[in-house]
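1. From the sequence below, what's the structure:
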Amino acid sequence: MSIMRLAGLAAALMLTVATGAALADPVPITIYHSWSTPSEMAALNVLKSNMAKNNIGWTEIAIPHDTGANVSLTNMVAGGNPPNVFMNSDPGIIRDLAKQGLILDLTKALTDSGAAAQFPPTVLKEVTVDGKIYKAPAGIHIDGMVYYNMDVAQKAGVDPTKWKSLDDMWADFPKIKAAGFQPLAVGSQDFQVGYLTHALIAAVAGPDVYNRFYGPTVDPKVFDDPALKQAIDWVRKFSTQVDPGSQNRAWNDTTNLVITGKALMQIHGDWMKGEWRNAGKVAGKDFGCENIPGTKALAVTVDAWNFLDGPAVDATKKAAELEVATLDTDPQITADFAAKKGSTPVRLDAAKEGLDQCNLLVLDSLKDESKSVQNPFNISDADWVRSVWNVMFKFWGDPTMTSDDVIKQLKDQYDTIFG
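-> Model prediction:
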């Protein structure tokens with residue numbers, strides 16, 4: 001055999017070995033998220049383990065949402081060190097990245113996989129921006145639900161399933177206190193107060209007022225609607241019920257007060273359920289769940305991932321990103337993810353054996369599209385949402401402020417941002 005042929009064979013063998021090694025190495029993917037609680041991390045591990053099975057590596061950038069830290073996704077992308085997959089709901093960020101060709105359009109991938117056809121209408125609406133699917137949904141949450149300790153309810157002699165209005169709930173507070181329990185657990189953080197605020201505006205004032213207040217175009221006439229003031233009045237009522245340890249207490253630590261029987265209930269996003277499950281508790285046995293009594297509308301969050309496009313994404317990484325989107329929306333994986341997170345699966349054909357009574361309540365509640373509204377971060381100007389949070393958190397901590405003071409400050413903020 002000639003030296004030339006030997007050299008060619010050696011080169012071919014080297015190429016084969018190198019190619020095999022490359023295929024054996026996981027495709028590195030950087031994930032940006034804002035989760036940190038045990039239930040949140042357990043849910044992420046469902047996705048992470050399924051990525052590993054498909055030879056996709058996981059490197060994370062984690063900035064927990066309740067730390068006060070802020071990392072601008074657009075700055076990360078523009079700065080040349082962008083994540084491949086990032087948790088984001090803000091349509092403004094998506095539009096900015098789309099103009100620069102830096103975000104993947106998932107419409108074809110999620111349509112071809114059959115996932116899009118199985119999304120409930122509310123989910124499909126939330127993951128679509130300007131007619132294109134840019135988000136891979138991870139789980140459905142109701143932003144304001146009542147989760148309560150069934151043993152505490154029995155000891156206090158109250159039945160939350162019988163509450164037909166917030167007035168009914170409020171009327172039972174003295175009985176709950178007399179039995180030695182905190183009626184309502186709330187953590188005094190702008191995040192928790194902000195979510196309670198928009199959940200109550202949806203529940204008390206209804207979808208029309210909510211969408212005029214939080215919609216893409218804020219209607220200044222909504223500030224004079226009595227229903228908005230009524231919702232703010234309920235925020236004030238609940239602010240009077242905080243316990244001495246509420247200051248800056250994280251939402252999951254607040255949930256633990258209910259789990260351990262120190263408080264009857266918490267009104268917060270139904271990601272609370274992940275903490276209950278993580279504590280080994282069972283829906284219908286240890287805890288119950290209800291929509292806010294008398295609710296006129298439900299504020300809905302769809303946790304979702306966006307995917308990087310552009311010069312930093314070669315063909316191999318783009319294929320890996322699309323595979324992550326497909327895995328995330330797989331009927332079994334979304335069910336497994338939801339069971340850990342406390343969410344409801346994003347597909348109507350998800351495995352039913354993992355659904356509990358709280359999941360069924362969510363799915364049943366979302367059947368009437370007219371009674372669901374989107375989380376403000378999906379539809380509102382980000383500066384407006386932050387201003388509402390600031391005003392309401394100040395109101396929460398200052399008993400001298402009135403609802404009229406809140407309305408005036410909101411009008412001032414509106415003039416500053418939109419005027």
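2. Please make it C-alpha for all contacts and neighbour counts, starting now.
-> Noted.
3. which stretches of the stretch 1-150 of the chain have low pLDDT?
-> 1-24, 65-72, 74 (pLDDT under 70).
4. residue ranges for the strands of it, please.
-> 30-33, 59-62, 85-87, 128-129, 132-133, 136-142, 145-149 (DSSP state E, counting those that start in this stretch).
5. got the CA positions of the first one in PDB?
-> Once non-C-alpha atoms are left out, strand 30-33 reads as follows in PDB (Å, rounded to 0.1, in the frame of the first residue of the first chain):
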ATOM      1  CA  THR A  30     -27.200  27.900  28.200                       C
ATOM      2  CA  ILE A  31     -30.500  28.300  30.100                       C
ATOM      3  CA  TYR A  32     -31.600  31.600  31.700                       C
ATOM      4  CA  HIS A  33     -34.400  31.400  34.300                       C
END
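6. Each with direction, which strands does it pair with?
-> Here strand 30-33 is paired, per DSSP bridges, with strand 59-62 (parallel), strand 85-87 (parallel).
7. got it, and the fifth one?
-> Taking DSSP bridges as the criterion, strand 132-133 pairs within the sheet with strand 128-129 (antiparallel).
8. contacts for the strand it pairs with?
-> Pro91, Ile94, Arg95, Tyr134, Lys135 (C-alpha atoms under 8 Å, 6 or more residues apart in numbering).
9. dump the residue contacts of the first one.
-> By that I understand Pro91. Counting by C-alpha under 8 Å, 6+ apart, Pro91 makes contact with Val129, Asn378, Ile379.
10. distance of it from Leu298?
-> Look at Pro91 and Leu298: by C-alpha to C-alpha, to the nearest Å, they are 20 Å apart.
11. now the second one
-> Computed as C-alpha to C-alpha, the Ile94 to Leu298 distance reads 25 Å.
12. Likewise for the third one?
-> Noted for Arg95: a distance of 26 Å to Leu298, by C-alpha to C-alpha.
13. Flag every buried residue along stretch 226-234.
-> For stretch 226-234, a neighbour-count test (16 or more other C-alpha atoms under 10 Å) marks Ala227, Leu228, Lys229, Gln230, Ala231, Ile232, Asp233, Trp234 as buried.
14. before we move on, the earlier item: would CSV of the strands of the stretch 1-150 of the chain with distance to Tyr214 and mean neighbour count be doable?
-> Shown next, in CSV, are those (distance: least, C-alpha to C-alpha, whole Å; neighbours: other C-alpha atoms under 10 Å):
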stretch, distance to Tyr214, mean neighbour count
strand 30-33, 24, 19
strand 59-62, 28, 13
strand 85-87, 21, 21
strand 128-129, 17, 18
strand 132-133, 22, 18
strand 136-142, 16, 27
strand 145-149, 19, 26
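15. how about TSV for these, with distance to Gly206 added?
-> Formatted as TSV, those follow (distance: least, C-alpha to C-alpha, whole Å):
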stretch	distance to Gly206
strand 30-33	31
strand 59-62	35
strand 85-87	28
strand 128-129	23
strand 132-133	28
strand 136-142	15
strand 145-149	15
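16. residue ranges of the helices in the stretch 151-300 of the chain, please?
-> For the stretch 151-300 of the chain, the helices defined by DSSP state H, counting those that start in this stretch occupy 166-171, 173-178, 190-200, 207-214, 226-239, 251-259, 272-278.
17. got the buried residues for the last one?
-> Using 16+ other C-alpha under 10 Å as the burial criterion, the residues of helix 272-278 that qualify are Met272, Lys273, Gly274, Glu275, Trp276, Arg277.
18. which one of the contacts of Pro91 is nearest Thr329?
-> Set against Thr329, the nearest of the contacts of Pro91 by C-alpha to C-alpha is Val129 (18.0 Å).
19. quick revisit: tell me which two in the buried residues of helix 272-278 are the farthest apart.
-> Going by C-alpha to C-alpha, the pair spanning the buried residues of helix 272-278 furthest: Met272 and Arg277, at 9.0 Å.
20. intersection of neighbour lists for the two?
-> By C-alpha under 8 Å, 6+ apart, Met272 and Arg277 have these common neighbours: Gly342.
21. And the helices in the stretch 1-150 of the chain?
-> 3-24, 38-53, 73-78, 91-99, 107-112, 121-127, 150-156.
22. Okay, and the beta partners of the closest residue to Leu184 other than its chain neighbours?
-> Excluding the flanking residues, the one nearest Leu184 by C-alpha to C-alpha, 6 or more residues apart in numbering is Met265, at 5.2 Å. Note on Met265: beta-bridge partners by DSSP bridges are Tyr148, Leu184.
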